[in-house]
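Peer 1: no sequence for this one, just the structure:
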């Protein structure tokens with residue numbers, strides 16, 4: 001069997017408390033990484049940490065932990081960008097250099113489930129390697145400027161399109177260099193839920209499963225307290241696409257950047273705007289947009305996570 005070569009770029013924050021407000025950070029990166037570790041058709045060639053859901057040192061530490069303790073084979077881990085791209089002074093890092101080395105040897109699929117900063121830097125510094133990138137699968141995007149991701153019942157609050165918001169220049173670099181881009185936005189992740197029952201099922205004899213289930217409990221409680229019945233495992237939709245793309249329903253759209261009122265500040269009187277990543281049929285950059293899952297997706301997802 002010829003395995004798909006996949007490089008993971010992640011802002012792992014499993015079990016981390018937030019730095020700038022109360023509560024815990026997302027755990028979904030952990031599900032994506034663990035799913036790829038277990039996939040028989042995937043060979044993870046490396047992991048690069050990036051800032052995002054948490055600080056770079058935390059993301060790097062957790063990447064090392066997962067690769068060292070839970071991976072079925074040796075996977076190198078590298079520390080990447082700690083801030084968004086500074087276009088006035090683009091600097092490399094050890095993750096960018098490591099990915100460049102791997103790409104020089106053979107083409108790669110890239111799972112970028114944090115800000116796309118490391119990938120953007122690589123493209124700017126080593127444009128000759130663009131042809132070695134088969135595709136980049138990211139978690140970002142929406143169909144319109146008034147498509148908001150809402151969490152909580154009966155009173156919901158808006159959640160950001162975080163990966164794009166943290167470094168929209170990195171996304172623009174991908175688009176302008178005609179990289180094949182696959183987007184798994186909130187629209188699809190909002191149709192998939194992990195519940196307390198699922199976390200119990202995840203507690204098999206596998207150490208990685210047990211750790212992820214236990215570390216997910218505070219994150220689940222956070223969602224339950226907002227009135228939801230579980231949480232959306234955003235990033236696992238992107239990893240699942242790499243394993244079994246037919247399990248996700250997609251369409252070919254065009255992406256473009258637009259400026260709209262800040263969706264995180266709509267309840268304030270301030271005139272505050274930001275960039276949005278919009279995907280529709282108007283002219284723009286070609287993207288594969290994932291918007292739904294097959295009927296038995298939840299069963300397939302749990303099977304992919306539970307198996308040893």
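Peer 2: Yep, that arrived. As the structure is a prediction and not an experimental result, all values here were calculated from the model. Numbering: from 1, shown residues only.

Peer 1: when you work out contacts or count neighbours from here on, use the C-alpha atoms and nothing else.
Peer 2: Will do.

Peer 1: ranges for the helices of the stretch 1-150 of the chain?
Peer 2: Applying DSSP state H, counting those that start in this stretch to the stretch 1-150 of the chain gives helices spanning 28-38, 56-69, 94-105, 117-125.

Peer 1: output those helices in TSV; the columns should cover mean neighbour count, distance to residue 205 and mean pLDDT.
Peer 2: Shown next, in TSV, are the helices of the stretch 1-150 of the chain (neighbours: other C-alpha atoms under 10 Å; distance: least, C-alpha to C-alpha, whole Å; pLDDT from 0 to 100):
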stretch	mean neighbour count	distance to residue 205	mean pLDDT
helix 28-38	24	14	98
helix 56-69	19	14	98
helix 94-105	17	33	98
helix 117-125	23	35	98
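
Peer 1: got TSV for those helices, with distance to residue 186 too?
Peer 2: TSV is the format used below for the helices of the stretch 1-150 of the chain (distance: least, C-alpha to C-alpha, whole Å):
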stretch	distance to residue 186
helix 28-38	13
helix 56-69	22
helix 94-105	27
helix 117-125	20
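
Peer 1: which stretch among those comes nearest residue 188?
Peer 2: With C-alpha to C-alpha, the closest approach to residue 188 among these belongs to helix 28-38: 14.0 Å.

Peer 1: find the nearest non-adjacent residue to residue 27, please.
Peer 2: Distance criterion C-alpha to C-alpha, 6 or more residues apart in numbering; nearest residue to residue 27, sequence neighbours excluded, is residue 14 at 4.4 Å.

Peer 1: mind listing what the one you found touches?
Peer 2: By C-alpha atoms under 8 Å, 6 or more residues apart in numbering, the contact set of residue 14 is 25, 26, 27, 28, 29, 30, 62, 212, 215, 216.

Peer 1: over to it: give its phi and psi.
Peer 2: phi -60, psi 120 (degrees, to the nearest 10).

Peer 1: hmm, back to that, which among the helices of the stretch 1-150 of the chain is found nearest to residue 240?
Peer 2: It is, among those and with distance given as C-alpha to C-alpha, helix 28-38, at 7.6 Å.

Peer 1: model confidence over stretch 219-235, on average?
Peer 2: Regarding stretch 219-235, the rounded mean pLDDT is 94.

Peer 1: ends of it, what's the gap?
Peer 2: Its first and final residues considered, stretch 219-235 spans 15 Å by C-alpha to C-alpha, to the nearest Å.

Peer 1: show me what counts as buried in it.
Peer 2: Using 16 or more other C-alpha atoms under 10 Å as the test for burial, stretch 219-235 gives 219-224, 226, 228-235.
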